[in-house]
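Student: Fold the following, please.
(2 chains)
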Amino acid sequence: MILSRETVAGIIGGLIAVLLQIIVAPALTLFAAIPNFIVAFCVVRAVVCPHQAGAVLPFVLGLLFDLIGGGPVGGMALVLVLVTFAASRAFMALNNDTLFMPVAIMLLSIVVVELLYGIIVVACGAGVPLGEALLYRALPCMLYDGIIALLLYPIAIRVMVGKPLGQPGTPILR
Amino acid sequence: MALNFQNNAPAPGGRLPLIITLVLSLVCLGIYGSEGAEGPLHRVQATVEGLVAPLQLAGAPLGSAVEGAEQAAEEQGADEETLATLRAQNAELTQALTQAEEYRLEAQRLQALLNLKDTYDIDGVAARVIGRSTDAWNQTITLDMGTSDGVETGLTVMGPYGVIGQVISVSGGNCRVRLLTDPQSGAAALVQQSRAEGIVRGSLDGLLYLENIGADVNIQVGDVVLTSGLGGSYTRGLLIGTVARVEGSAGNDSRRIVVAPNDSVTLLQEALVVFSAASDAAERTLATPSDGEGAEGENGQDDANGGDGQDDGASQEGDAGSEGSQEGDAEGSGDTAGDEGGEA
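Tutor: As a prediction, the model looks like this:
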């Protein structure tokens, strides 16, 4: 099995994201919102290297998130697999070599992740109204995750890929 | 806008991994949702959380730094001279007293826990907070005591000044505690003055709400809220907090009662897992943090009532309303209400 740069960077980045989630995230709590490094990493990776994104790494990282946290096991795994797949496919289809498209897809993906996860948590018996859950948890968390994804994106584009995805026949933007 | 539809190659490895991971996720979700708190996935979750909890201690200095930054941001409004003076004083004190202060605070917390044990005749075990929730949807902490120390699921957990939560899962050397402020938590509660019973619930906005109180019960700001022990979920008679705000008035079904918790914990602080407490714990009064250091092991409720404007008439009304609206709890609350009347 040949490990490409993208795969190795994905595994190492995933490990770092998990460690950050365990050690750093609880200390960065702002108004009950805890940053989710795992979501940010998976979404950024789906956009930065959509051909190598796959479903296994988001599943494993999502499952780890569920296990180290107190949420329904499988919930984040399901959401991350679905959304990262959709994000990578959307980026491959819509990429036009501008910064707008990856940023828009990342932010939209994070919004969808937090919304879907919030719905799953509520459906699994959180005992709170869906509207409150989205207002008090999903919304601040998606803002937090969005900022982290925006900070992570330029690093990921440098570290995780040999050359960025571009349209055939267009100059490479770095 | 040029699109790149020619670039949509199939996902690596085909769609099989996607389908497998989706099915696995759904299976996990289904099992987790249908199994009980002692189910295999819950146990794995508790074990993993226990394993990673020590890692969180590495983030404790960062947490302190963040808190310091927040405080610094709050102090932006102060003038420069004041800030310079405070900084100088702070540096001086820090150099001289950091270590001693740490020990003193720890001794103080432990003393408060001991006072708490004495006040309520608590049989329990002290534990240290070694982890916090890593996601925003659960307000839990991890303690460094587990089944090997006698900790079981469902036990009440107290900080130095009051109830903070309940054990929801246990593994060999640690346990997970759902905090009272978590929206999924609910503690059967008793208002000490009126003897009205209800349920204290956490919420997503971080406040505690006292619910299911009879509409005709008169609740005043400052009323002390205790665990009632109904349903056996929490040990009876332990201090939860005080009523901080009453939105609406008696007789109004939509009345909302906000309770200020008496205690909270942070990483590396100590907590007490309660195995049992005195049967008359509800009649004993615990000092609030603002009352001074430690707790006073006094019987009676004069302290709790002092100066809050609660009158006997209101209490009598409350009793009647409570007994009328809360069926099935007459034996405990009725007796104690009578005792209180005698004391008053």
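Student: Can you report how many residues lie near B:I122?
Tutor: 23 (other CB atoms under 10 Å in any protein chain shown). To be clear about C-beta, it is placed using only N, CA and C from the backbone, and glycine gets the same treatment.
Student: what's the answer for A:F59, then?
Tutor: 26.
Student: Next, see if the helix or strand harbouring it gets close to chain B.
Tutor: Using DSSP states H and E, A:F59 maps to helix A:56-68. Yes - contact of helix A:56-68 with chain B (CB under 8 Å from any CB of the partner chain) involves A:56, A:58-59, A:62-63, A:65-68.
Student: how about those in JSON lines, adding pLDDT?
Tutor: Shown next, in JSON lines, are the residues of helix A:56-68 next to chain B (pLDDT from 0 to 100):
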{"residue": "A:V56", "pLDDT": "91"}
{"residue": "A:P58", "pLDDT": "93"}
{"residue": "A:F59", "pLDDT": "94"}
{"residue": "A:G62", "pLDDT": "93"}
{"residue": "A:L63", "pLDDT": "93"}
{"residue": "A:F65", "pLDDT": "93"}
{"residue": "A:D66", "pLDDT": "91"}
{"residue": "A:L67", "pLDDT": "91"}
{"residue": "A:I68", "pLDDT": "89"}
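Student: Determine the next helix or strand in the C-terminal direction from the helix or strand hosting B:A88.
Tutor: Assigned by DSSP H and E, B:A88 belongs to helix B:80-120. Remark: after helix B:80-120, the chain's next helix or strand is strand B:123-132, criterion DSSP H and E.
Student: follow-up on the earlier one: and the helix holding B:A88 with strand B:123-132, angle?
Tutor: With axes from the mean of the first three to the mean of the last three CA atoms, to 10 degrees applied, the angle from helix B:80-120 to strand B:123-132 works out at 150 degrees.
Student: For the stretch 51-200 of chain B, list the residues in contact with chain A, please.
Tutor: So the stretch 51-200 of chain B meets chain A at B:52, B:55-56, B:58-60, B:62-63, B:65-66, B:131-138, B:140, B:176, B:178, B:183-184, B:186 (CB under 8 Å from any CB).
Student: Scan the helices and strands of chain A for the one with the lowest mean pLDDT.
Tutor: Least confident helix or strand, chain A: helix A:130-133 with a mean of 85, by mean pLDDT, DSSP states H and E.
Student: picking up where we left off before, what is the orientation angle of the helix holding A:F59 with strand B:123-132?
Tutor: Using the same axes, to 10 degrees, helix A:56-68 lies at 150 degrees relative to strand B:123-132.
Student: elements contacting helix A:56-68?
Tutor: With contacts taken as 3 or more CB pairs under 8 Å, 6 or more residues apart in numbering or on different chains; DSSP states H and E, helix A:56-68 sits against helix A:5-19, helix A:37-48, helix A:75-94, helix B:16-34, helix B:40-56.
Student: so what pLDDT did B:R284 get?
Tutor: The score at B:R284 is 60. That number is its pLDDT.
Student: Just the CA trace of stretch A:147-167, in PDB.
Tutor: Presented in PDB, the C-alpha positions along stretch A:147-167 are these (Å, rounded to 0.1, in the frame of the first residue of the first chain):
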ATOM      1  CA  ILE A 147     -13.200  30.600  12.400                       C
ATOM      2  CA  ILE A 148     -10.900  27.700  13.100                       C
ATOM      3  CA  ALA A 149     -11.500  26.300   9.600                       C
ATOM      4  CA  LEU A 150     -10.600  29.600   8.100                       C
ATOM      5  CA  LEU A 151      -7.400  29.700  10.100                       C
ATOM      6  CA  LEU A 152      -6.600  26.100   9.200                       C
ATOM      7  CA  TYR A 153      -7.300  26.400   5.500                       C
ATOM      8  CA  PRO A 154      -4.100  28.300   4.500                       C
ATOM      9  CA  ILE A 155      -2.000  25.900   6.600                       C
ATOM     10  CA  ALA A 156      -3.700  22.900   5.100                       C
ATOM     11  CA  ILE A 157      -3.300  24.000   1.500                       C
ATOM     12  CA  ARG A 158       0.400  24.300   2.100                       C
ATOM     13  CA  VAL A 159       1.000  21.200   4.100                       C
ATOM     14  CA  MET A 160      -1.500  18.600   3.000                       C
ATOM     15  CA  VAL A 161      -1.300  18.800  -0.800                       C
ATOM     16  CA  GLY A 162       1.600  18.600  -3.300                       C
ATOM     17  CA  LYS A 163      -0.200  20.900  -5.700                       C
ATOM     18  CA  PRO A 164      -3.600  22.500  -5.300                       C
ATOM     19  CA  LEU A 165      -6.600  21.300  -7.300                       C
ATOM     20  CA  GLY A 166      -7.100  23.500 -10.300                       C
ATOM     21  CA  GLN A 167      -9.100  23.600 -13.500                       C
END
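Student: Mind listing residues that contact that stretch?
Tutor: Contact with stretch A:147-167 is made by A:5-6, A:9-10, A:13, A:35-37, A:40-41, A:43-45, A:47-51, A:91-92, A:95-97, A:102-103, A:106-107, A:110, A:172-174, B:2, B:4, B:7, as judged by CB atoms under 8 Å, 6 or more residues apart in numbering or on different chains.
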